[in-house]
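**Student:** here is a sequence with its predicted model. Questions after.
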Amino acid sequence: MPNRLTIVIPAFDEVESLMMFFPEVVNHCENKGYNLIIVNDGSSDDTLEILKNFKKKLSFNFIIISHKVNRGYGGAIKSGIEACNSEFVITIDADGQHFLEDVDSLFEKIQETDADLIIGSRKGLSSASIFRGVGKRIIRMVAKLLMKLSVYDINSGMKIYNTKLVKQYLKITPDTMSFSDIITLTFVNNRHLVIEEPIRIKERLKGTSTIGVRTAFETVMEIINIIILFNPARVFLPISAFFFVFGVIWGANFFFQGKGISIGASTLILTGLIIFLLGLIAEQLSAVRKNQ
């Protein structure tokens with residue numbers, strides 16, 4: 001019987017963490033019968049050489065995928081998932097923060113519940129920094145404003161997927177750090193069963209996180225893009241209504257004072273109508289895409 005689970009690990013300049021964490025991962029996969037794919041995402045350090053040395057020394061046969069240039073966190077994960085041929089695939093980070101026992105727990109849970117995606121939730125755990133904690137709250141707030149969302153930790157790095165299903169959505173996900181958020185929202189929006197299971201987090205073994213202000217901004221923009229792709233009315237209708245109603249109120253004030261029709265009010269009303277029509281077009285394009 002083929003292995004039913006593959007662990008995918010994206011790695012970019014993680015040589016110090018891999019030296020400490022990777023042998024433990026290999027040993028765990030060998031004992032549990034999991035497949036293992038690690039993606040070197042154009043690292044500038046000795047990450048690839050270290051992985052090749054591990055492959056020579058260890059009896060366990062794992063797959064190394066190496067990008068010539070850095071594609072980004074999402075790009076690395078997508079390469080790993082595309083190479084996966086097991087029924088389920090789970091992603092974990094290369095920094096050694098995840099407990100491998102949680103991999104087993106999520107694997108058991110997805111088989112018990114027949115879920116399509118299970119998120120390893122860090123709810124209740126403190127963030128590595130105040131900045132990251134605030135950034136995550138802002139991203140969740142924006143996502144909830146634009147989409148009905150029942151999950152909390154949309155950007156967790158530990159997620160287990162139905163492999164066949166996640167492969168269908170890779171082409172619309174970004175190569176950046178926002179991959180984790182967008183793939184979760186994609187599953188939620190398409191009415192797949194998405195649940196959360198609590199996991200634990202260790203301190204980062206070595207190195208520093210690359211998440212910053214730019215990452216948060218890119219994620220919010222990607223969330224808006226994905227909502228426009230799947231549910232454009234959520235974006236276009238409120239904006240259209242704002243311009244139209246504001247224009248009518250403004251115009252009515254001038255009209256009933258006998259001052260005629262205000263050019264500013266007319267412009268606002270026309271803008272509202274144009275945005276409404278654009279929303280209808282976007283809704284039609286979204287419907288066509290869903291039926292493909």
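**Tutor:** The structure has been received and is ready for your questions. Owing to the predicted nature of the structure, the values given are computational and were not obtained by experimental measurement.
**Student:** quick one: residue 52 is in a helix?
**Tutor:** Yes - membership of residue 52 in a helix is supported by DSSP: H, G, I helix; E, B strand; the rest coil.
**Student:** contacting residues for it?
**Tutor:** residue 64 (C-beta atoms under 8 Å, 6 or more residues apart in numbering). From N, CA and C alone the C-beta is placed, and that goes for glycine too.
**Student:** and it, how far is that from residue 16?
**Tutor:** According to C-beta to C-beta, to the nearest Å, residue 52 stands 17 Å off from residue 16.
**Student:** what does residue 231 give?
**Tutor:** From residue 231 to residue 16 the distance is 43 Å (C-beta to C-beta).
**Student:** and what of residue 120?
**Tutor:** Taken as C-beta to C-beta, the span from residue 120 to residue 16 is 23 Å.
**Student:** go on, residue 245?
**Tutor:** From residue 245 to residue 16 the distance is 57 Å (C-beta to C-beta).
**Student:** which of those two has more neighbours?
**Tutor:** residue 16 (17 against 13; other C-beta atoms under 10 Å).
**Student:** so for the longest helix belonging to the chain, mean pLDDT?
**Tutor:** The helix that spans the most residues within the chain, counting by DSSP state H, is helix 263-290. Across helix 263-290, pLDDT averages out at 82.
**Student:** what's the answer for stretch 108-125, then?
**Tutor:** Here the average pLDDT along stretch 108-125 is 88.
**Student:** quick one: distance of that stretch to the chain centre.
**Tutor:** What separates the centre of stretch 108-125 from the centre of its chain is 15 Å, taken as C-alpha atoms, centre = their mean, to the nearest Å.
**Student:** swap in stretch 38-48?
**Tutor:** On C-alpha atoms, centre = their mean, the centre of stretch 38-48 falls 22 Å from that of its chain.
**Student:** ends of that stretch, how far apart?
**Tutor:** Start to finish, the residues bounding stretch 38-48 are 10 Å apart (C-alpha to C-alpha, to the nearest Å).
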